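Student: Build me a structure from this.
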Amino acid sequence: MTDDSRASERLFRVMERIGRACARAGRDPSGVTLVAVSKFQPPAAVSAMYARGQRLFGESYIQEALPKMEAVTEPDIEWHFIGRLQKNKAKFAVGRFALIHTVDSLELARTLQNRALAAQVVQPVLIQVNIDAEPQKAGVSETDAPALAEAMAGMDRLALGGLMVLPKALDDPEAARPAFSRLRALRDALVARLGRPLPILSMGMSGDLEAAVEEGATHVRVGTDLFGQRKDASDPK
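Tutor: Numbers count the residues shown, from 1 in each chain. Prediction:
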């Protein structure tokens with residue numbers, strides 16, 4: 001099987017899984033956006049997936065993403081930042097990514113606000129919530145998320161669109177469902193508290209996307225099931 005045919009088959013299978021999950025949940029599949037996680041993948045792999053119809057790609061490291069974005073320049077391609085964003089890298093992210101999924105502190109939000117003001121842009125963002133309170137993982141706590149959301153709602157250069165979660169790694173995909181359900185409930189509480197829509201729930205990956213879609217995910221972040229096992233999993237940081 002050629003690389004192009006593998007890309008086509010993998011994309012078809014992932015979209016089929018999303019479609020089946022939507023059918024079970026009574027959802028329209030058009031309400032679920034696939035983010036192809038292209039970190040550690042070469043530009044050629046992104047171009048191959050683009051040629052198959054995928055338009056949205058997620059990157060986790062600024063220093064890897066920027067050269068890749070310069071190499072793959074199709075006008076309708078869309079890039080999201082889905083990794084931990086250091087404050088000193090914020091200037092490279094603002095205005096370059098259609099959506100930053102991983103705002104997890106007031107300090108980072110203020111840095112992005114100032115960078116967006118300087119660049120005269122409005123930057124779409126999500127709040128990353130550490131729903132399982134894992135000490136090694138980024139994300140604001142479930143308890144502190146409302147205060148952060150309120151603060152960000154007052155920042156005119158940030159467009160807060162919703163929440164993102166990276167649940168605890170578990171062998172059983174169904175075990176992630178409570179985390180997805182809690183994120184949805186938190187989003188709904190924030191909508192009532194802020195009096196504004198927060199339509200985006202970024203949750204679900206290769207192993208648990210069905211549970212995420214059934215619990216209301218609007219964006220699923222899939223890497224391995226689209227690109228195969230990464231050839232180079234070294235950390236570019």
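
Student: hey, where'd the helices end up in this protein?
Tutor: Along the chain, the stretches classed as helices by DSSP state H are 3-25, 43-51, 62-71, 90-93, 106-119, 145-153, 177-194, 209-214, 224-227.

Student: what's the model's confidence in the longest one, averaged?
Tutor: Per-residue confidence for helix 3-25 averages out to 92 on the pLDDT scale.

Student: Ok, stretch 44-53 next?
Tutor: Mean pLDDT, taken over the full extent of stretch 44-53, equals 94.

Student: List of residues touching that stretch?
Tutor: Contacting residues not belonging to stretch 44-53 are listed as 3-4, 7-8, 11, 36, 38, 57, 68, 72, 74, 77, 226-227 [CB atoms under 8 Å, 6 or more residues apart in numbering]. Where you see a C-beta, it was placed from the backbone N, CA and C, and this is true even at glycine.

Student: Mark which of these are buried, thanks.
Tutor: For the contacts of stretch 44-53, a neighbour count by 16 or more other CB atoms under 10 Å gives the buried set as Ala7, Ser8, Leu11, Ala36, Ser38, Phe57, Lys68, Val72, Ile77, Leu226, Phe227.

Student: re the thing from before, farthest-separated two in the contacts of stretch 44-53?
Tutor: With distance counted by CB to CB, no two of those lie farther apart than Ser8 and Lys68, which are 21.4 Å apart.

Student: Which secondary structure element of this protein has the lowest mean pLDDT?
Tutor: Of all the helices and strands that make up the chain, helix 3-25 has the lowest average by mean pLDDT, DSSP states H and E, namely a mean of 92.
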